[in-house]
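Undergrad: sequence plus predicted model, see below.
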Amino acid sequence: MYDYKSPDDLVKWATNEYKKKNKYKNGGIGRYTKDKTRLFDCCGLYKCFLWHDYHTQNAKYYGITQKDLNCEGLLKEAVEKGPISTIPEIPGVLVYQKGHMGIYLGDGQVIEATAKKYDGQNGKIYKTYFKGKCPDCDGKRTTWTKWFKGLNLNYQSSLEPSFLGKKGYYSYGDNHKNIGKIAKFMYKVFPAYTNKLALGNYLGKNLEKALKEFQKRTKIVVNGRIDKNTLSKLKEYGFKES
């Protein structure tokens, strides 16, 4: 059951649609073809979620929980927005370039319904990235120019994850007691690749190296940061925030 005002649930829903049979269609807002292929365009993917997973048998939210706007209109109505270089690490934020938009997953990754893949055909939903690395992504797009928050999504719960601080992650050079907790846990649980020099509240080269090795082994994005995905994986091994 999705909360259709939650940016986190937007990410979960869009990722689920990405895995299903789908195809790009200009003006597509989630309707199905006879063979159960779902049709989306870039802003239609977003609006379908806001309209409570819109389809022909579920049309009562159409235009009510979100105006039927194109990506320029969605950007214009947004209150919080900025250049792509300042994008916050908040999954469910939206990314924009002229005539196109996508749903930000975090770590530089985007879910987007696009008219053409990188070989010029097969328009559908793709997982792309614009910074860092993403071995399981379909391709790279570096043309995003802006980010914005959807007017009708509630970002309050995702705004500043308390454990991960204001940025939503800790990276090289950061100093915080929560970094120390992570370092202590990794030294105890993963001593084979976590050097004693990694201990402490500072995220330096030793802890960064250990984090990258952990990320590599658990098959998540290798960036040497303590981010949402890394924290989630650490919790699978028993880490507790408190």
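TA: It's in.

Undergrad: can you tell me the helix or strand for Val110?
TA: strand 109-114 (DSSP states H and E).

Undergrad: how about that strand: buried residues?
TA: By 16 or more other CB atoms under 10 Å, the buried positions in strand 109-114 come out as Gln109, Val110, Ile111, Glu112, Ala113, Thr114. Where C-beta positions appear, they are placed from N, C-alpha and C, glycine not excepted.

Undergrad: given it, what are its sheet partners and their directions?
TA: Here strand 109-114 has these sheet partners by DSSP bridges: strand 100-106 (antiparallel), strand 124-129 (antiparallel).

Undergrad: surely Ile53 touches Trp13?
TA: No, residue 53 isn't Ile; it's Asp. Yes: assessed by CB atoms under 8 Å, Asp53 is found in contact with Trp13 at 7.1 Å.

Undergrad: give me the pLDDT for the closest residue to Lys116 other than its chain neighbours.
TA: In space, and not counting its chain neighbours, Lys116 is closest to Gly123: 5.5 Å by CB to CB, 6 or more residues apart in numbering. For Gly123, the model assigns a pLDDT of 92.

Undergrad: if we can go back for a sec, out of the strands paired with strand 109-114, which one sits most buried?
TA: Burial of the strands paired with strand 109-114 is given as mean neighbour count (mean count of other CB atoms under 10 Å); strand 100-106 ranks first at a mean of 24.

Undergrad: make JSON lines from the buried residues of strand 109-114 and add pLDDT and distance to Tyr172 to it.
TA: What follows is the buried residues of strand 109-114, written out as JSON lines (pLDDT from 0 to 100; distance: CB to CB, whole Å):
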{"residue": "Gln109", "pLDDT": "95", "distance to Tyr172": "20"}
{"residue": "Val110", "pLDDT": "97", "distance to Tyr172": "24"}
{"residue": "Ile111", "pLDDT": "97", "distance to Tyr172": "28"}
{"residue": "Glu112", "pLDDT": "96", "distance to Tyr172": "29"}
{"residue": "Ala113", "pLDDT": "96", "distance to Tyr172": "35"}
{"residue": "Thr114", "pLDDT": "94", "distance to Tyr172": "33"}
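
Undergrad: quick check, nearest of those to Thr128?
TA: Among those, Val110 lies closest to Thr128 (CB to CB), at 5.1 Å.

Undergrad: follow-up on the earlier one: just put the strands paired with strand 109-114 in JSON lines and tack on distance to Gly165.
TA: Formatted as JSON lines, these follow (distance: least, CB to CB, whole Å):
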{"stretch": "strand 100-106", "distance to Gly165": "15"}
{"stretch": "strand 124-129", "distance to Gly165": "23"}
